[in-house]
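Q: below is the sequence, then the predicted model.
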Amino acid sequence: MAVLTVSQINRYMASKIREDSNLQRFMIKGEISNFTAHRSGHFYFTLKDSESVIKAVMFRAMASRLRFMPENGMHVIVSAGLTVYERDGVYQLNVTDMQPEGIGAVRLQLEQRIRKLREEGLFEESAKRPIPTNPHTVGIITSGTGAALQDMLNVLSRRCPMVQVKIFSVLVQGEQAPSSICNAIRTAQQHECDVLLLGRGGGASEDLYAFNSEQVAYAIFDCSIPVISAVGHETDVTIADAVADRRAPTPSAAAELAVPDIRHLDEKIYIAERQLRNTFAARLEREKQLLLRLKSRLQIASPQAKFQLQEEKRQKLTSRLERNMQLFLERKLSDYTAQQEKLMQLDPLKILQRGYAAVYREDRSILPSVSHLKQGDSIHIRMQDGEITAKVEKINEL
């Protein structure tokens, strides 16, 4: 047989308790003794009956939710799990909730009902339906003689006077209330309502029985119309609140959630109209520019436009040709004039006009030098205004 340490024994017992699901969450009743409210916010106490005692702790996160201060001698029903404090080798209650024993049975029944409905998925956010933004018809399920009805009607008429309201009067407390509410929910689905307001005004917590019933919970969950819960108990969250698509703390608040404020609606309409006008104007301008571009492209692509373009090119080429020809002729004329002036400068007749003479042989060839002559040769002398024929008598060379 193995020899174990104290720590091993305590650890083994702790694991066994953790493995037992029956010890993880249960309800136990007893009398409080040795109560201490620690400065950390934790509650330490002993729970006892006529034969036994068990240590208990309620940590600050859970203790802060209690609506009463526990005292020694108070008989309570607590929700807890069993844990082992391994260092001291003792087991204790880890308390998560506590109620005075007088309402413990009702609370236990309610918690069991909530646990069942949660497991069936009635509280899932994925099952919630969206509340319509601008409902045409609002159905109200409440007491026909209660103040809650008038509160909701006043808010609806002030915020959205054009909305149609259908009232389904029901019992909101008593044994017949759940059946009355369920019948009204089924009837409302036949009247084309866009959203339902279900609730009542203020009252004692025990008056909320109808809104914590399974019957009403299933009716809300199966309803094809979005439901806003309007139970007038801000501190008490009922099963109807948890199943409904939206919860409001009061009937008036439910009416505010159900319909838009017409003043805000008018503002939204004005903004939407202005945006629509701006969008339309911008779209019209874009289409206009597109039309102009297409028209321009069509004009460019038309045969007439192409002919006009070619004609413009021809005219430009013709003008360039004419200018170039004119410049060419002007240059040639200038060259001709310059050459003519040069020729005129070199014209022998011009030289003769200055008093010079040209001498030719008999055969009319010009005599460049006296070395080509001899005595007796005939020569011709050309002057400005005539010609002389003479014979050479004497030659004097320079």
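A: Thanks, I have the structure now. Numbers count the residues shown, from 1 in each chain.

Q: for the chain, what spans make up the helices?
A: With DSSP state H, the ranges of helices along the chain come out as 6-19, 60-63, 104-119, 147-159, 177-188, 214-222, 239-243, 251-258, 262-301, 303-346, 348-353.

Q: and the second one, what's buried?
A: Residues of helix 60-63 classed as buried: 62-63 (neighbour count, 16 or more other C-beta atoms under 10 Å). From N, CA and C alone the C-beta is placed, and that goes for glycine too.

Q: which non-adjacent residue is nearest residue 159?
A: Excluding its sequence neighbours, the residue lying closest to residue 159 (C-beta to C-beta, 6 or more residues apart in numbering) is residue 261, at 4.8 Å.

Q: surely that neighbour and residue 156 touch.
A: No - with contact defined as C-beta atoms under 8 Å, residue 261 does not reach residue 156; the gap is 11.0 Å.

Q: before we move on, back to that, of the helices of the chain, which is nearest residue 373?
A: Distance to residue 373, taken as C-beta to C-beta, is lowest for helix 348-353 among these, at 19.7 Å.

Q: hang on, the earlier thing: gap between the residue nearest to residue 159 and residue 158?
A: Applying C-beta to C-beta, to the nearest Å, the value for residue 261 to residue 158 is 9 Å.

Q: what do you get for residue 126?
A: Residue 126 is 34 Å from residue 158, by C-beta to C-beta.

Q: what about those two, which has more around it?
A: residue 158 (13 against 5; other C-beta atoms under 10 Å).

Q: tell me the confidence at that one?
A: Per-residue pLDDT puts residue 158 at 92.

Q: how close does it sit to residue 263?
A: For residue 158, the distance to residue 263 - C-beta to C-beta - is 10 Å.

Q: identify each buried residue in stretch 384-398, please.
A: In stretch 384-398, counting by 16+ other C-beta under 10 Å, buried: nothing.

Q: list the buried residues of stretch 16-36.
A: 28, 30-32, 35.

Q: now, which of the residues you listed sits nearest residue 316?
A: Among those, and counting by C-beta to C-beta, the member closest to residue 316 is residue 28, at 109.5 Å.

Q: just checking, the closest one touches residue 78?
A: Yes - with contact defined as C-beta under 8 Å, residue 28 reaches residue 78; the gap is 5.9 Å.

Q: which neighbours do those two have in common?
A: Common neighbours of residue 28 and residue 78 are listed as 47, 93 (criterion: C-beta atoms under 8 Å, 6 or more residues apart in numbering).

Q: before we move on, back to that, neighbours of the residue nearest to residue 159, just the number please.
A: 13.

Q: how far away is it from residue 193?
A: Residue 261 is 20 Å from residue 193, by C-beta to C-beta.

Q: contacting residues for the nearest residue to residue 45 once chain neighbours are set aside?
A: Leaving aside its sequence neighbours, residue 45 sits nearest to residue 35 (C-beta to C-beta, 6+ apart; 4.2 Å). Each residue near residue 35 by C-beta under 8 Å, 6+ apart is listed here: 43-45, 70-72.

Q: out of these, who has the most neighbours?
A: residue 45 (26 neighbours).

Q: any idea how far that one is from residue 328?
A: Noted for residue 45: a distance of 125 Å to residue 328, by C-beta to C-beta.

Q: how about residue 116?
A: Distance from residue 116 to residue 328, by C-beta to C-beta: 112 Å.

Q: next one: residue 214
A: 113 Å.

Q: who has more neighbours out of those two?
A: Shown here are residue 214 and residue 328; by other C-beta under 10 Å, residue 214 has more neighbours (14 against 10).

Q: nearest residue to the more buried one other than its sequence neighbours?
A: Residue nearest to residue 214 in three dimensions, not counting chain neighbours: residue 113, with 6.1 Å by C-beta to C-beta, 6+ apart.

Q: which residues touch that neighbour?
A: 212, 214, 239.

Q: looking at those, which one is closest to residue 189?
A: Ranked by distance to residue 189 (C-beta to C-beta), the contacts of residue 113 are led by residue 214 at 19.5 Å.

Q: that closest one touches residue 115, doesn't it?
A: No - using C-beta under 8 Å, residue 214 is not in contact with residue 115; the gap is 12.0 Å.

Q: name the residues contacting each of those two.
A: By C-beta under 8 Å, 6+ apart, no residue touches both residue 214 and residue 115.

Q: show me how this protein divides into domains.
A: Here the domain parsing of the chain from automatic domain parsing is 6-119, 125-260, 264-301, 351-391.

Q: touching, residue 350 and residue 343? I think so.
A: No - Residue 350 lies out of contact with residue 343 (C-beta under 8 Å); the separation is 9.7 Å.

Q: who's in contact with residue 196?
A: 138-141, 185, 188, 223, 225-228 are the contacts of residue 196 under C-beta under 8 Å, 6+ apart.

Q: picking up where we left off before, now, the buried residues of stretch 16-36 that are in strands?
A: 28, 30-32, 35 (DSSP state E).

Q: which of those sits closest to residue 275?
A: When those are compared against residue 275 (criterion: C-beta to C-beta), the nearest one is residue 28, at 63.8 Å.

Q: tell me the pLDDT of that closest one.
A: At residue 28, pLDDT is 92.

Q: tell me how far it lies from residue 94.
A: 12 Å.
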